[in-house]
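**Student:** Kindly return the folded structure for what I paste below:
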Amino acid sequence: MSASSSIGRDRPASTPLSFARWQAGGYAPMRMPRAADPARLQSLAGQTMGTHWSLRLDNPRMLPLGDVRAAVQAVLDDVVAQMSHWAKDSALGRFNDAPPDSWHALPDGLAQVLGRALHWAQASDGAFDPTLGALVAAWGFGPDAGASPAWPDSRTLAMARARCGWHQLDLREEAQGRSARQPGGLRVDLSGIAKGHAVDRGAKALAAMGLHDFLFEIGGELIARGQRPDGQPWRVQVAAADTDAQAPLVLPLRDEAVATSGDHWHVREHAGRRWSHTLDPRTGEPVGHALAAVTVVHASCMDADALATLLTVMGIEEGLAFADAHEVVALFTERRPDGTLRRQVSRCWRFGIGTAS
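**Tutor:** Numbering: from 1, shown residues only. From the prediction side, this is the model:
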């Protein structure tokens, strides 16, 4: 499970945002419009979930951009209010702090995300787990981490692991919707799936305004809807984990989402040890393989987000087998001992893989 998304908390401006960069413009830093772009091809950007969001849209009816921004921001603020594990007053924050053996009615969005998170937890035999808050904190990440993170001792890890486990999270259907049971001390962290859900929600809000051709991104997770004004697909550049100089890929997309997970952003170092934010729920420890990044293309950004996380946890061999068995469109980038990168793809991958192979 990844702790890479600080839902509801601002990230320092100097922190890299993602492996993905929009070829069409509109993403960190925002490109100036090209001379050939029509006036109706417009851009917006803002902040949410400790990162930035960006929108590149074909706006043929010239809807006021202030209205578009307000619609997007309202959706994102609602996701934070429901799913931020940094905010004590969010619906998730209240659940995490609730007394043992208590049931809690869930807002629709949170119920949907928890349900999908448990789906992927079961499908992956626990390689994805939305209940890792205690372990995330033990390894020095998230809102409950200590001020000076260190490599945790075995007792600390054992105590944290006892407070984790997706099997402990019970959901039930009620007349008013879904409810969840807090068994006691369970701390849900939706960093590996909530951002993708927010992208999907933002896309629905834009469609409700009559906008059908756009590229919408939050911190590297993005969705392409429709096409550019010239009839061409949106073009998304996926960099090769460390630098754009290493054979970036360009993905032409229509009505698809992309998510990337990897070890590029958040790491900790202490006493000569260095470890990634990506934890393997099955061992309770950071992943130790050489996988640098996984990019997933999917109809749903929420699913792409979760799949990129769990495939990163699995590593190359197990991840490729899972992707092929579940028909996942996935690109794996492995870091060789000499620092070069090697790419492998699932059977469903229909794009190129560049020259770094």
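
**Student:** Residues contacting stretch 172-185, please?
**Tutor:** 95-96, 98-106, 108, 111, 114-115, 134, 163, 168-171 (CB atoms under 8 Å, 6 or more residues apart in numbering). C-beta here means a position set from N, CA and C on the backbone, and glycine is covered the same way.

**Student:** quick one: which helix or strand includes residue 252?
**Tutor:** Following DSSP states H and E, one finds residue 252 within strand 249-253.

**Student:** Sort out for me which of the contacts of stretch 172-185 are in strands.
**Tutor:** Per DSSP state E, strands hold the following members of the contacts of stretch 172-185: 102, 103, 104, 105, 170, 171.

**Student:** nearest to residue 335, of these?
**Tutor:** residue 171 (37.9 Å; CB to CB).

**Student:** Please point out which parts of the strand holding residue 252 sit buried.
**Tutor:** 249, 251, 253 (16 or more other CB atoms under 10 Å).

**Student:** now those residues in JSON lines, with pLDDT and distance to residue 208?
**Tutor:** Supplementary listing: the buried residues of strand 249-253 in JSON lines, determined by pLDDT from 0 to 100; distance: CB to CB, whole Å:
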{"residue": "249", "pLDDT": "83", "distance to residue 208": "32"}
{"residue": "251", "pLDDT": "94", "distance to residue 208": "26"}
{"residue": "253", "pLDDT": "95", "distance to residue 208": "21"}
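
**Student:** could you dump those to TSV with distance to residue 138?
**Tutor:** As requested, these are exported to TSV (distance: CB to CB, whole Å):
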residue	distance to residue 138
249	36
251	37
253	38
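
**Student:** who wins for neighbours among the ones in strands among the contacts of stretch 172-185?
**Tutor:** In terms of neighbours by other CB atoms under 10 Å, the ones in strands among the contacts of stretch 172-185 top out with residue 104 at 15 neighbours.

**Student:** Return the residues in contact with it.
**Tutor:** So residue 104 contacts 94, 95, 98, 179, 180, 181, 182 (CB under 8 Å, 6+ apart).

**Student:** filter these to the buried ones?
**Tutor:** 95, 98, 179, 180, 181, 182.

**Student:** Mind listing what's buried along stretch 207-216?
**Tutor:** 211, 213, 214, 215, 216.

**Student:** The protein: helices as residue ranges?
**Tutor:** With DSSP state H, the ranges of helices along the chain come out as 65-83, 91-96, 108-123, 133-138, 154-162, 194-208, 301-314, 316-325.

**Student:** tell me the most buried of those?
**Tutor:** Among the helices of the chain, the stretch with the highest mean neighbour count (mean count of other CB atoms under 10 Å) is helix 301-314, at a mean of 29.

**Student:** ok, residue 226 - how many residues close by?
**Tutor:** Counted by other CB under 10 Å, the residues lying close to residue 226 total 17.

**Student:** That one - nearest residue in space that isn't next to it in sequence?
**Tutor:** Among residues not flanking residue 226 along the chain, residue 213 sits closest, at 3.3 Å (CB to CB, 6 or more residues apart in numbering).

**Student:** isn't that neighbour right next to residue 228, touching?
**Tutor:** Yes: counting by CB atoms under 8 Å, residue 228 is a contact partner of residue 213 at 7.1 Å.

**Student:** picking up where we left off before, who touches the residue nearest to residue 226 in this structure?
**Tutor:** Here residue 213 is in contact with 57, 58, 225, 226, 227, 228, 229 (CB under 8 Å, 6+ apart).

**Student:** Is it correct that the fifth one is in contact with residue 255?
**Tutor:** Which is residue 227. No: counting by CB under 8 Å, residue 227 stays clear of residue 255, with 9.1 Å between them.

**Student:** With neighbour numbers in mind, choose between these two.
**Tutor:** Comparing residue 227 with residue 255 by other CB under 10 Å, the one with more neighbours is residue 227, at 18 against 14.

**Student:** Tell me the spacing between that one and residue 114.
**Tutor:** 34 Å (CB to CB, to the nearest Å).
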